[in-house]
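[1] how would this look folded up:
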Amino acid sequence: MEALREVEREVRQSEIGRSRERVEDDALLRGAGRYADDLAVPPGTLQAAVLRSPHAHARIRALDSSAALAVDGVHAVLTGEDVTAWAAPFPVGVREPMEHWCLAVERVRYVGEPVAVVVADDRYIAEDALEHIDVDYELLAPVIDPEAATEASAPVLHEGVGANVVSERHFRYGEPEEAFAAADHHVSLEVRYPRNSCTPVECYVVLASYDVAAGAYDATANFQGPFALHSVMARALKVPASRLRLRTPADSGGSFGIKQGVFPYVVLMALAARKAGAPVKWVEDRLEHLQAASSATNRVSEIEAAVTAHGRVTALRYNQIDDCGAYLRAPEPATFYRMHGTMTGAYDIRHLAVRNRVVLTNKTPTGLNRGFGGPQVYYALERLMQHIAVTLDLDSLEVIRRNLVPADAFPYRAPAGSLLDSGDYQAAVDLAVRQGGLQSLRERRDAARREGRLYGIGLCAAVEPSISNMGYITTVMPPEERRKAGPKNGAVSTATVSVDPLGAVSVHVSSTPQGQGHRTVAAQVVADVLGIPFESITVNVELDTQKDPWSIASGNYSSRFSGAVAGAVHKAAVRVRERLADIAARQFGVEAAAIRFADGRVHVDGGDETSVSFHRVAGTAHWSPALLPESEPGGLRETAFWTPPELAAPDEGDHINSSLCYGFVFDFCGVEIDPVTGRVRLDRYVTLHDPGRILNPELVDGQVRGGFAQGLGAALMEELAYGEDGSFLAGTLADYLIPTAMEVPEPVILHMETPSPFTPLGAKGVGEGNNMSTPVCIANAVADALGRADIELPLTPARVRALIGIDEPPPPAGLEPAASPAAGGSSLSASDSVELPAPPETVFARMLEPQTLAAIIPGCHHLQAVGENAYRADVTVGVGMIRARYEASVTLSDLDPPHALRLSGVGKSAMGTAEGSARVRLTALDNGGTRLDYDYEAAIGGKFASVGGRMLQGAARVIVGQIFSRLAAELDGGRASSPWRRVVDTIARLLGGRGGRS
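    You can find the predicted model right below:
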């Protein structure tokens, strides 16, 4: 306790707890940030583009890159053959015989999986050359639903494993069977947490080179590591860790966890540089990022509570399935086990049973996503608490209060092992209810319901873990396997504080921030300790694993900065201060205890208040070493490493303190639902946070707002959707909706501080809480408004309308949806008509001519007859950002001259498959022309399906419309009768001209 009091004396100064504006923002707002794509590249750097699988599951029978290599400006094509020669599969977190390479080897298992890399003079050439790589795929049956994937009859992704369940563990804490047997009630619920993502402004960027002489790789990436994944990458490259130099830039355009997923591309581009014999740079585009970067783990949870008649929960049972996608990519199954010790949340529940199954499906591998594990756990637990209140006809707030961990129980050991460090949950709830105005919100709800409006209130209590125990993932292994592997635990953080010969202070931290303001807070901590102006301190957050101190815990994840990294900064600064105090004490002839640092000067406590400037004392260590105390080595540089003893390895009973600190979050909100549109309007949102000691209130509020916005998106908008065939259906921001400033209301943010006894500054993390609490809080409000238990995210208007019981209106005439295609990809359909300046007989005859077909098919380079009314075509199609060259078969069938025919096409390209047909009907008009009516249906798979239904439907209408507009132009001698033609003619007349060919 004396040590803790000493820490408290040290931090009771002006900077800690002050709302300082971020020092990072001046450069960012001026456009002077240094992001990964802004950094200079070595001379001769080449650009890379990645060929990705258009199929969810297929065997690669052959790959021919010769045509791509023949393209002028292409230097190399990296394939699976190269990867297996130079690299190794990535290590996985379970002992199963499955291989995950940085590039597809023999088989592809999700749409977007890298298959080859083209390296060229520029990105344009590299992208174009992708179309010249010929891959022969043998399609295999995919499995998309995680529950279906657990069945013995499901298609198996990894034949060596023999099943899609790659890990199953059962845990038992306390006496859950007895508690359930004695309970007054059993209340259960099944919930599904969907896949969603982070969508930072900046996507992945990697610059890599290979030193042939040293056999070493050098990579710069906007990675949030190095974390333990540096070791994973080094092993995959088959080099000692010292021969993989990883550097991170000063600025990163957001991450929220997802930039952990850049590590396979670091390996991939390192190998591409080795193949090309030159540095290689790759910049990910938005479609690549949404389709194949990473995502939150979707989870299916069955949860059951043993409950007394008064709503006291005595035991919980979890049956959970985590869908980790096509590969168990490191650090998964982290999403399961980061929260394992905290499965009882903020509640004093002593009995617990858990069944965890990790399943693989033909989807993008999952990874870290803000709050990873927390949204999935709390969506099940807090939905259950609301359901208990409804089932037992109790007040939701009272059910929460009756189950909270008692205020006098801290540090509180949860049944699965988490040591909740500090808090007063009852006081926090009371504060939020009082200052957030819950009573007035309830009155608002009652008034709305009297008027027949749909209004509900949701509540949520959560503990927010921070500073992950590096050993928590090993809980996936049974104790006997852990004994063989050796214990893993702790969370080492590092920081360096240096004072130069002129007294300037610089700080280095290995926290690799992505916009949180680490430079600002680190400077505040050092300014407090050394008593120097905040503005005089320089903080460097760039990381170079070859030069800078770091550990496998280093990086930006699990909200570890304020508790761990800022604490390490404090320790390093205190050591510098102690050395300076010894130097000053010798100069002044006093004891070191009499030396005080304040206002940029070094003071001697006493009657005359002797002082000298900070830089004068600091300079002594450099300019006058002969005047130093004997114990002073000279030079003022201190690197602090810190790890807490509370983070032990999991024990024989599978108890694990999975994080060091646990903040508390209590949220409540009111929502109103439009009974016609199904839109959910957030009326008021109150969020209270206890993150321990608050180092900078303004930055804390910024983190709360960011987590709230992301949680709001998860609740109401965001879902990474897949077709039945595994086609990715949300590859643009038209179909993967994210909230903007217009959709995010201002939450009411409240604070409480109970310092942690386990961190140097008493601080805990605060960056992830609302991404854990907000989705379920809003879901509980919607459940309250509708009186429904079967609430699934995201709560889009269509989904809410279905919950209300409103049938969707019929589509407008001509836009009836087609039946789902057999392939399960995106289905498109529409109907329209066009007037043609020729009689039906002429129109029918011209449509049978190859030269006419070649002229009217958009993007047709070449068309050749291969049979009666059958043709082979070379066609380029573009939709949005995607452009592909298809080898197509075109046929005319169902001929009924001159009244009707069917125009059909089947296309294959590196971007996927497309199949469609248009039924054409010709009707004679009184003016001698023809009205052509058409109905088309199309099925799209692969990369084109990724742009989503909205863009595809619009693009398909335009492309099909172009066919018949061009036919009109051909029949009119090049003058189209389309609306576009009329627009051109009108503009020409206005300009005094006559209009020309379009």
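[2] how deep is Gly589 tucked in, by neighbour count?
    Residues near Gly589, counting by other C-beta atoms under 10 Å, number 7. C-beta: built from backbone N, CA, C; applies to glycine.
[3] let me fix that: Ala939
    The number of residues packed around Ala939, counting by other C-beta under 10 Å, is 26.
[4] Each with direction, which strands does the helix or strand hosting it pair with?
    When secondary structure is defined using DSSP states H and E, the element that contains Ala939 is strand 930-940. The sheet places strand 930-940 alongside strand 826-836 (antiparallel), strand 912-924 (antiparallel), with pairing taken from DSSP bridges.
[5] Could I have the CA atoms of the longest one written out in CSV?
    By that I understand strand 912-924. As requested, C-alpha coordinates have been extracted for strand 912-924 and formatted as CSV (Å, rounded to 0.1, in the frame of the first residue of the first chain):
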residue,chain,number,x,y,z
GLY,A,912,-15.9,-15.3,-61.4
THR,A,913,-18.8,-16.5,-63.5
ALA,A,914,-21.9,-14.9,-64.9
GLU,A,915,-25.0,-16.5,-66.5
GLY,A,916,-28.0,-14.7,-67.9
SER,A,917,-30.7,-14.7,-70.5
ALA,A,918,-33.2,-12.2,-72.0
ARG,A,919,-36.5,-13.2,-73.4
VAL,A,920,-37.2,-10.8,-76.3
ARG,A,921,-40.7,-10.0,-77.8
LEU,A,922,-41.2,-8.0,-81.0
THR,A,923,-44.4,-6.1,-81.7
ALA,A,924,-45.1,-4.1,-84.9
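[6] Return the set of buried residues in it.
    912-922 (16 or more other C-beta atoms under 10 Å).
[7] Need the worst-confidence member of those.
    Taken together, the buried residues of strand 912-924 show their lowest pLDDT at Gly912, with 67.
[8] Tell me who's in contact with the nearest residue to Phe372 once chain neighbours are set aside.
    Leaving out its chain neighbours, the residue that sits closest to Phe372 by C-beta to C-beta, 6 or more residues apart in numbering is Thr335, at 4.9 Å. The neighbourhood of Thr335, defined by C-beta atoms under 8 Å, 6 or more residues apart in numbering, consists of 296-297, 299, 322, 324, 366, 368, 372-373, 376.
[9] Now do Arg5, the pLDDT please.
    The pLDDT attached to Arg5 in the predicted structure is 42.
[10] coming back round to it: using a markdown table, please lay out the strands paired with strand 930-940 together with distance to Arg34.
    Compiled in a markdown table, the strands paired with strand 930-940 are given as follows (distance: least, C-beta to C-beta, whole Å):
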| stretch | distance to Arg34 |
| --- | --- |
| strand 826-836 | 40 |
| strand 912-924 | 37 |
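[11] rewinding a little: mean confidence for the strand holding Ala939?
    Across strand 930-940, the average pLDDT comes to 87.
[12] for stretch 719-731, how far is the first residue from the last?
    Length of stretch 719-731, first residue to last, C-alpha to C-alpha, to the nearest Å: 11 Å.
[13] How about that stretch, which residues are buried there?
    Applying a neighbour-count criterion of 16+ other C-beta under 10 Å, one finds 719-720, 722-723, 725-731 buried in stretch 719-731.
[14] and which of the residues you listed is nearest Leu246?
    Each of the buried residues of stretch 719-731 was checked against Leu246 using C-beta to C-beta; the closest is Leu720, at 28.2 Å.
[15] From Pro142, how far out is the closest residue to that closest one other than its chain neighbours?
    In space, Leu720 comes closest to Arg195 once its chain neighbours are excluded; the distance is 4.1 Å by C-beta to C-beta, 6+ apart. Relative to Pro142, Arg195 is positioned 15 Å away (C-beta to C-beta, to the nearest Å).
[16] More neighbours: these two, which one.
    Each of Arg195 and Pro142 has its neighbours counted (other C-beta under 10 Å); Pro142 has more, 27 against 21.
[17] Which stretches in the stretch 801-950 of the chain count as helices?
    Counting by DSSP state H, counting those that start in this stretch, the stretch 801-950 of the chain has these helices, from start to end: 840-847, 850-856, 949-971.
[18] Asp136 is in contact with Arg61, isn't it?
    Yes: because the distance of 4.3 Å satisfies C-beta atoms under 8 Å, Asp136 is recorded as touching Arg61.
[19] Quick one: residues contacting the closest residue to Lys281 other than its chain neighbours.
    Taking C-beta to C-beta, 6+ apart as the measure, Lys281 lies nearest to Leu207, with 4.7 Å between them; neighbours along the chain are not counted. Leu207 sits next to 36, 39, 41, 45, 219-221, 269, 279-282 when contact means C-beta under 8 Å, 6+ apart.
[20] how about these in TSV, adding pLDDT and distance to Ser829?
    TSV is the format used below for the contacts of Leu207 (pLDDT from 0 to 100; distance: C-beta to C-beta, whole Å):
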residue	pLDDT	distance to Ser829
Ala36	95	43
Leu39	94	48
Val41	96	47
Thr45	98	47
Ala219	98	47
Thr220	97	47
Ala221	97	43
Met269	98	41
Pro279	98	48
Val280	98	43
Lys281	98	42
Trp282	98	38
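[21] Next step: those restricted to helices.
    Restricting those to those inside helices, with DSSP state H as the criterion, leaves Met269.
[22] Quick check on the contacts of Leu207: which are buried?
    36, 39, 45, 219-221, 269, 279-282.
[23] List the residues that contact Gly916.
    Contacts of Gly916 were listed using C-beta under 8 Å, 6+ apart, and they are 828, 904-905, 936-939, 956.
[24] one step back: max pairwise distance over the buried residues of stretch 719-731: which two?
    Distances among these were taken as C-beta to C-beta; the most separated pair is Glu719 and Asp725, at 17.8 Å.
[25] Please dump the buried ones among the contacts of Leu207 into TSV; it should also carry distance to Ala149 for every row.
    Written out in TSV, the entries for those read as follows (distance: C-beta to C-beta, whole Å):
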residue	distance to Ala149
Ala36	36
Leu39	42
Thr45	42
Ala219	34
Thr220	38
Ala221	32
Met269	31
Pro279	41
Val280	36
Lys281	37
Trp282	32
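[26] And those residues, which is closest to Ser65?
    Within the set of the buried ones among the contacts of Leu207, Val280 lies nearest Ser65; the separation is 16.2 Å, counting by C-beta to C-beta.
[27] mind checking the SS state of the closest residue to Val800 other than its chain neighbours?
    With C-beta to C-beta, 6+ apart as the measure, Gly678 is the residue that lies nearest to Val800, at 3.7 Å, once sequence neighbours are left out. Secondary structure of Gly678, reduced to three states by DSSP: H, G, I helix; E, B strand; the rest coil: coil.
[28] Over to Gly458?
    Here Gly458 takes the strand state, with states given by three-state DSSP.
[29] Adjust the sequence numbering to begin at 558 for everything that follows.
    I'll keep to 558 as the first residue from here, and by that count the last item is Gly1015.
[30] Could you give the bridge partners of it?
    Going by DSSP bridges, Gly1015 is paired in beta bridges with Cys1226.
[31] what's the neighbour count on it?
    Residues contacting Gly1015 under the criterion other C-beta under 10 Å number 27.
[32] Got the confidence number for it?
    In this model, Gly1015 is scored at 98, pLDDT.
[33] which ones are touching it?
    By C-beta under 8 Å, 6+ apart, the contact list for Gly1015 reads 943, 1224-1226, 1228, 1333-1341.
[34] ok, Lys1448 - contacts?
    Quick fix: residue 1448 is Thr, not Lys. Thr1448 makes contact with 1426-1428, 1460-1462 under the criterion C-beta under 8 Å, 6+ apart.
[35] biggest separation within these, which pair?
    Greatest spacing in the contacts of Thr1448, by C-beta to C-beta: Asn1426 and Gly1462 (12.7 Å).
[36] who's more crowded, those two?
    In this view Asn1426 and Gly1462 are compared by other C-beta under 10 Å, and Gly1462 has more residues nearby, 19 against 16.
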